[in-house]
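# Need a 3D model of the sequence below.
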Amino acid sequence: MTDLKTRMLDLGQCARAAAAALREAPAVARTRALQILSTKLKAAEPALLAANARDLEAARAGGMTEALIDRLSLSPARVAGMAQAVATIAAVPDPLGVETERWTPANGLDIARVRTPIGVLGVIYESRPNVTADAAALCIRSGNAAILRCGSDCLQSSLAIAALIAEALAEAGLPADAIQLVDTPDREAVGLMLTGLDGAIDVIVPRGGKSLVARVQAEAKTAVLSHLEGLNHTYLHAAADLNAARAIVLNAKMRRVSVCGATETLLVDRAAAERLLPPVAADLIAAGCELRGDDAARALAPEMKPATEADWTTEYLAPILSIRVVDDLDVATDHIARYGSGHTEAIVTTDTAAAERFASRVDSAIVLINASTQFADGGEFGFGGEIGISTNRLHARGPVGAEQLTTYKYVVRGKGQIRP
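Residues are numbered from 1 along each chain as shown. Below is the predicted model of the structure:
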């Protein structure tokens, strides 16, 4: 433990020094590092797949579920996607030094609010090796140093990606240790990061399951930027178009069941349930989704299993969907307020007034109208990527991209004023 603590404190000191250099580096150097990294990821596909194969072998031997195996897996397409995400982040306008507001009060001072990096981020995540590249790219773009701690299940994949990140930074003339990966699966490393490493870490970003996020929120001695689970809802309003409802629900649930943007509960307006629910349920069943419904839903689709109270509070991350028939829009939004996690909700309707009322009543980070909840993704928002979907109410909410990883300072220019 003593050796590990020393190593972790060293990571913190290196990160703090690198943060200062990265903050002062020109935008062109950070852009160049990302462009180099994108190229390296594409070229290293065979090595990345080989490292990932070692992670997958260990995960299967340990009995990991297929949903988590899907999160862990890399493929040629996913490696290409990682590289493209980094290239897209490289093309995002540099957020640093941007004046978000400027004014002159009665005292004659010229006051500007200017974006600046947060400093050092501690990113703790599970299963997904692509987070290593995404988090690093977003931190580089936003001028932040980072200490990354991946789950032990994706350590080999992440080590291979981290080596490429260090090479790209060095080739761009930036400190190679601006992005550091904790290279041990020892769980004590997480606890040490949560202490803040003697003030080296400014913000902790957990990206993983409910237990990880709960631990970070309970134990962190520094600020936390996090989300809980993606307990997301899609509501089929009485005025929903059937074809749109079928396509949106099928995609929202089954496109990828393991992502935090997947719909976990379907709410159907009673006035249109007989018209909408049977064909929607048939599509889901045909796609291999297990349905769990209340009595009214099961009366229209008898193939469903009975839903329990626990189903309304479960993030399945699996091909399982709970279904409830509700009396109207207000009952739907009341259900979301009671059971939801504040992540992402969607309404399907041709009634513009109903759509806007839904958007007003639902207090989640992302509210979609006539679109799949699977769009809850920083890349789809045009951010290039995301470090997570924040359900926080302070600093950043929703997809957290490069701009959301900045804070601000005030630059005040005077002409010799003194305060009376």
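# I'd like the distance between the residue nearest to F383 when sequence neighbours are not counted and A83.
Residue nearest to F383 in three dimensions, not counting chain neighbours: G401, with 2.9 Å by CB to CB, 6 or more residues apart in numbering. Quick note: C-beta positions are derived from backbone N, CA and C, even for glycine. According to CB to CB, to the nearest Å, G401 and A83 sit 18 Å apart.
# Between the two, point out the one with more neighbours.
G401 (24 against 20; other CB atoms under 10 Å).
# Show me where the stretch 301-420 of the chain has its strands.
For the stretch 301-420 of the chain, the strands defined by DSSP state E, counting those that start in this stretch occupy 305-306, 320-326, 344-348, 366-369, 389-390, 398-399, 406-413.
# which helices and strands sit right next to the fourth one?
Strand 366-369 makes packing contacts with strand 344-348, helix 352-361 when contacts are defined by 3 or more CB pairs under 8 Å, 6 or more residues apart in numbering; DSSP states H and E.
# Could you do the last one as well?
Secondary structure elements in contact with strand 406-413, counted by 3+ CB pairs under 8 Å, 6+ apart, are strand 110-117.
# give the contact list for Q180.
Contact analysis of Q180 by CB atoms under 8 Å, 6 or more residues apart in numbering lists L11, C14, A15, A146, I147, L148, A162.
# and it, helix, strand or coil?
strand (DSSP: H, G, I helix; E, B strand; the rest coil).
# from the chain's centre, how far out does the least confident helix or strand in the chain by mean pLDDT sit?
Taking mean pLDDT, DSSP states H and E as the measure, the chain has helix 66-72 as its least confident helix or strand, at a mean of 85. Centroid displacement of helix 66-72 relative to its chain, using CA atoms, centre = their mean, to the nearest Å, is 17 Å.
# contact partners of the helix or strand following it?
Later in the chain than helix 66-72, the nearest helix or strand by DSSP states H and E is helix 76-91. The contact list for helix 76-91, computed with CB under 8 Å, 6+ apart, reads 31, 34-35, 37-39, 41-42, 45, 48-49, 130, 133-134, 137-138, 141, 161, 379, 383-385, 401-402.
# And those, which of them are buried?
The neighbour count (16 or more other CB atoms under 10 Å) marks 31, 34-35, 37-38, 41-42, 45, 48-49, 130, 133-134, 137-138, 141, 161, 379, 383-385, 401-402 as buried among the contacts of helix 76-91.
# Tell me which of those fall in helices.
31, 34-35, 37-38, 41-42, 45, 48-49, 130, 133-134, 137-138, 141, 161 (DSSP state H).
# part of a strand, is G196?
No: the assignment for G196, made by three-state DSSP, is coil rather than a strand.
# ok, how many other residues are close to T222?
17.
# ignore the last one, T116
Residues lying near T116 (other CB under 10 Å) number 17.
# and what of G173?
12.
# Hmm, R30 and it touching each other?
No: the pair G173 / R30 is not scored as a contact, 10.2 Å apart, by CB atoms under 8 Å.
# tell me how far stretch 312-328 is from the chain's mean position?
Offset of stretch 312-328 from its chain centre (CA atoms, centre = their mean): 21 Å.
# Same question for stretch 176-185.
Relative to the centre of its chain, stretch 176-185 is centred 20 Å away, using CA atoms, centre = their mean.
# Could you pull up the mean pLDDT of that stretch?
Averaged over stretch 176-185, pLDDT sits at 96.
# buried set for that stretch?
Along stretch 176-185, these residues count as buried under the neighbour rule (16+ other CB under 10 Å): A176, D177, A178, I179, Q180, L181, V182.
# now stretch 284-303
The neighbour-count check on stretch 284-303 (16+ other CB under 10 Å) flags L284, C289, L291, R292, G293, D294, A296, A297, R298, L300, A301 as buried.
# likewise stretch 203-219?
So stretch 203-219, judged by 16+ other CB under 10 Å, has buried residues V203, I204, V205, P206, R207, G208, G209, L212, V213, R215, V216.
# what about A20, neighbour count?
14.
# where does S73 fall, phi/psi-wise?
phi -70, psi 140 (degrees, to the nearest 10).
# so what's it up against?
By CB under 8 Å, 6+ apart, S73 lies in contact with N52, L56.
# measure it to C139 for me?
From S73 to C139 the distance is 24 Å (CB to CB).
# So R60 sits against L72, correct?
No: using CB under 8 Å as the test, R60 is too far from L72 to be in contact (9.8 Å).
# So for those two, which sits in the more crowded spot?
Set R60 next to L72 and count neighbours by other CB under 10 Å: L72 wins out with 23 against 12.
# mind saving the C-alpha coords of the strand or helix carrying A296 as CSV?
Taking DSSP H and E as the criterion, A296 maps to helix 295-300. The C-alpha coordinates for helix 295-300 follow below in CSV (Å, rounded to 0.1, in the frame of the first residue of the first chain):
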residue,chain,number,x,y,z
ASP,A,295,-52.0,-5.6,-16.2
ALA,A,296,-53.3,-3.2,-18.9
ALA,A,297,-50.2,-3.7,-21.1
ARG,A,298,-50.4,-7.5,-20.7
ALA,A,299,-54.0,-7.5,-21.7
LEU,A,300,-52.9,-6.1,-25.1
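# tell me what it is packed against?
helix 273-286, strand 320-326.
# Return the distance of that helix from the chain's centre.
The chain centroid and the centroid of helix 295-300 are separated by 35 Å under CA atoms, centre = their mean.
# Would you mind pulling the contact partners of that helix?
Helix 295-300 is contacted from outside by 268, 270, 273-274, 277-278, 281, 291, 304, 306-307, 323-325, using CB under 8 Å, 6+ apart.
# Farthest pair within those residues?
E274 and P306 (19.7 Å; CB to CB).
# Tell me where the stretch 201-350 of the chain is predicted with low confidence.
For the stretch 201-350 of the chain, applying pLDDT under 70 flags the ranges 228.
# would you put the C-alpha positions of stretch 189-202 in PDB?
What follows is stretch 189-202, C-alpha atoms only, in PDB (Å, rounded to 0.1, in the frame of the first residue of the first chain):
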ATOM      1  CA  ALA A 189      -5.800   3.000  -6.400                       C
ATOM      2  CA  VAL A 190      -9.400   4.200  -6.700                       C
ATOM      3  CA  GLY A 191      -9.500   5.000  -3.000                       C
ATOM      4  CA  LEU A 192      -6.300   7.000  -3.300                       C
ATOM      5  CA  MET A 193      -7.700   9.000  -6.300                       C
ATOM      6  CA  LEU A 194     -10.800   9.800  -4.200                       C
ATOM      7  CA  THR A 195      -8.600  11.500  -1.700                       C
ATOM      8  CA  GLY A 196      -7.500  14.000  -4.400                       C
ATOM      9  CA  LEU A 197      -3.800  12.900  -4.200                       C
ATOM     10  CA  ASP A 198      -2.800  15.800  -1.900                       C
ATOM     11  CA  GLY A 199      -4.800  18.400  -3.900                       C
ATOM     12  CA  ALA A 200      -3.500  17.300  -7.300                       C
ATOM     13  CA  ILE A 201      -6.900  16.300  -8.700                       C
ATOM     14  CA  ASP A 202      -9.500  19.000  -9.100                       C
END
